[in-house]
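Colleague: sequence-free structure coming up:
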Ligand SMILES: O=C(O)c1ccccc1NCC(=O)[C@H](O)[C@H](O)COP(=O)(O)O
């Protein structure tokens, strides 16, 4: 059994960051994808970056960025991890020699079966983790679950797996202590792009209660 770590994605306000740190969240995500309702500009992200307390990891999420955009993020934000959430190839992700998570959009036409997933992850040999999320036309943050049984039989250590997609206080039980890392966004929002401090608190209370001591 594992003590499940939590990443909350799409934070945009300093009070959300402070609360995440207080609640024992492992990592937060900034969305640098202009079409997202949770988008931050690079300048906004740089300002918020300064407020992140030590010990709270920063994951910067990008969707089909240019090389220059990734280089700018590394230079100006120095995130702990870059999360590639679009259609970036292995060669693209690996050219930066920077820690990255590869989002796997389960249910995409080319990601329908366990064999498809296995084939896909082999294309990213240096990914630190694979974040399994449900396929959606808007790329992510859509509150949709995927069929977890597709991960059964996957040759991938559990420490390399992050489960995302439609997680909230009401359904997190089945994941806790079974997965190393989970990621959520809309499940702790009061409106698109605005985190609910109350939902963050009650979600993390549940996680912390259920966690193996
Ligand atoms: O959050 C977004 O708006 C977003 C936009 C484009 C690509 C990815 C995006 N979010 C990715 C995340 O890491 C979310 O936490 C993940 O998709 C789960 O979201 P949710 O189903 O809302 O919990």
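Modeller: Perfect, thanks for sending it. Please read all numbers here as calculations on a predicted model, not as lab measurements. Numbering: from 1, shown residues only.
Colleague: residue closest to the middle of the chain?
Modeller: Geometric centre of the chain, nearest residue: residue 183, 5.0 Å, by C-alpha atoms, centre = their mean.
Colleague: what's the local residue count around residue 72?
Modeller: 15 (other C-beta atoms under 10 Å). Where C-beta positions appear, they are placed from N, C-alpha and C, glycine not excepted.
Colleague: okay, now the nearest residue to it once chain neighbours are set aside: neighbour count?
Modeller: Nearest residue to residue 72, sequence neighbours excluded (C-beta to C-beta, 6 or more residues apart in numbering): residue 42, at 6.1 Å. When neighbours are defined as other C-beta under 10 Å, residue 42 has 16 of them.
Colleague: any idea how far residue 42 lies from residue 48?
Modeller: 11 Å (C-beta to C-beta, to the nearest Å).
Colleague: what touches both of these two?
Modeller: By C-beta atoms under 8 Å, 6 or more residues apart in numbering, residue 42 and residue 48 have no common neighbours.
Colleague: need the contact list for the closest residue to residue 159 other than its chain neighbours.
Modeller: Closest residue to residue 159 apart from its sequence neighbours, by C-beta to C-beta, 6+ apart: residue 180 at 5.2 Å. Residue 180 is in contact with 2, 4-5, 158-159, 161-162, counting by C-beta under 8 Å, 6+ apart.
Colleague: and residue 180, how far from the ligand?
Modeller: 16 Å (C-beta to the nearest ligand atom, to the nearest Å).
Colleague: which bits of the chain sit near the ligand?
Modeller: Selection of the chain residues close to the ligand by C-beta under 6 Å from any ligand atom yields 9-10, 29, 31, 33, 36-38, 61, 63, 85, 133, 139-144, 164-167, 183-187.
Colleague: now, those that are in strands?
Modeller: 9, 29, 31, 61, 133, 164, 183-184 (DSSP state E).
Colleague: reformat these as JSON lines; add distance to residue 126 and pLDDT.
Modeller: Converted to JSON lines, those look like this (distance: C-beta to C-beta, whole Å; pLDDT from 0 to 100):
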{"residue": "9", "distance to residue 126": "22", "pLDDT": "98"}
{"residue": "29", "distance to residue 126": "20", "pLDDT": "98"}
{"residue": "31", "distance to residue 126": "23", "pLDDT": "98"}
{"residue": "61", "distance to residue 126": "18", "pLDDT": "98"}
{"residue": "133", "distance to residue 126": "20", "pLDDT": "97"}
{"residue": "164", "distance to residue 126": "21", "pLDDT": "98"}
{"residue": "183", "distance to residue 126": "20", "pLDDT": "98"}
{"residue": "184", "distance to residue 126": "26", "pLDDT": "98"}
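Colleague: most surrounded residue in the residues you listed?
Modeller: Counting by other C-beta under 10 Å, top hit in these: residue 61 with 30 neighbours.
Colleague: my guess is it contacts residue 28, does it?
Modeller: No. The criterion here is C-beta atoms under 8 Å, and residue 61 misses it with residue 28 at 10.5 Å.
Colleague: report the set of residues contacting both of these two.
Modeller: What both residue 61 and residue 28 touch, as defined by C-beta under 8 Å, 6+ apart, is the set residue 9.
Colleague: still on that earlier bit, format the ones in strands among the residues of the chain next to the ligand as a markdown table; extra columns: distance to residue 120.
Modeller: Formatted as a markdown table, those follow (distance: C-beta to C-beta, whole Å):
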| residue | distance to residue 120 |
| --- | --- |
| 9 | 21 |
| 29 | 21 |
| 31 | 22 |
| 61 | 18 |
| 133 | 13 |
| 164 | 16 |
| 183 | 18 |
| 184 | 22 |
